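K.L.:
What would the 3D arrangement of this be:
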Amino acid sequence: MSVTIYHNPACGTSRNTLAMIRNAGIEPNVIEYLNTPPDRQTLQAMILASGLAVREAIREKGTPYAELGLADPGLTDDQLLDAMLAHPILINRPFVVTELGVRLCRPSELVLDILPAPQQGAFIKEDGEVVIDAQGRRVK
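P.N.:
Numbers count the residues shown, from 1 in each chain. Take a look at the predicted model:
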């Protein structure tokens, strides 16, 4: 069961996603993408496999998105990818890759759709939201 998470430990959504992966009894390959960003081919493949457009995979909040003029609708996917590779903080997170698919896990419980193992017990997000009950079943 190979699971990879492109993780930012400063992000609550990313931390919750990682915790749900571990709640399934899986120790994933954790890539702190701000320190070790994916290469262009990997980033493109993740975005494509997740069903997103490149623009949908860009993070605006807390990034140089506005300063770089990335809201310009005339920018090509290649130009947007160039910006994401030059400034990894622009890559939205967390992306999770499993043999069952790729998801940008926002909200974090989207990871449940692609995990190759069930949840092993209750899970409560950092904000107190109950996602998994004591029997390992999804609440919502």
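K.L.:
show me where this protein has strands.
P.N.:
If you assign secondary structure with DSSP state E, the strands in the chain sit at 4-7, 29-32, 95-98, 101-104, 123-124, 130-132.
K.L.:
low-confidence ranges in the chain?
P.N.:
Scanning the chain for pLDDT under 70 picks out no residues.
K.L.:
show me where the chain has helices.
P.N.:
Taking DSSP state H, the helices of the chain run over residues 12-23, 40-50, 77-86.
K.L.:
could those go into a markdown table alongside mean neighbour count and distance to residue 64?
P.N.:
All C-beta spots, glycine's among them, are computed from the backbone N, C-alpha and C. Compiled in a markdown table, the helices of the chain are given as follows (neighbours: other Cβ atoms under 10 Å; distance: least, Cβ to Cβ, whole Å):
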| stretch | mean neighbour count | distance to residue 64 |
| --- | --- | --- |
| helix 12-23 | 21 | 20 |
| helix 40-50 | 16 | 17 |
| helix 77-86 | 16 | 8 |
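K.L.:
can you redo the ones you listed as CSV with distance to residue 124?
P.N.:
Written out in CSV, the entries for the helices of the chain read as follows (distance: least, Cβ to Cβ, whole Å):
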stretch, distance to residue 124
helix 12-23, 9
helix 40-50, 26
helix 77-86, 32
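K.L.:
List just the one of these that sits closest to residue 5.
P.N.:
Set against residue 5 and scored by Cβ to Cβ, the helices of the chain come closest in helix 12-23, at 5.7 Å.
K.L.:
which other helices and strands contact that closest one?
P.N.:
When contacts are defined as 3 or more Cβ pairs under 8 Å, 6 or more residues apart in numbering; DSSP states H and E, helix 12-23 sits against strand 4-7, strand 123-124, strand 130-132.
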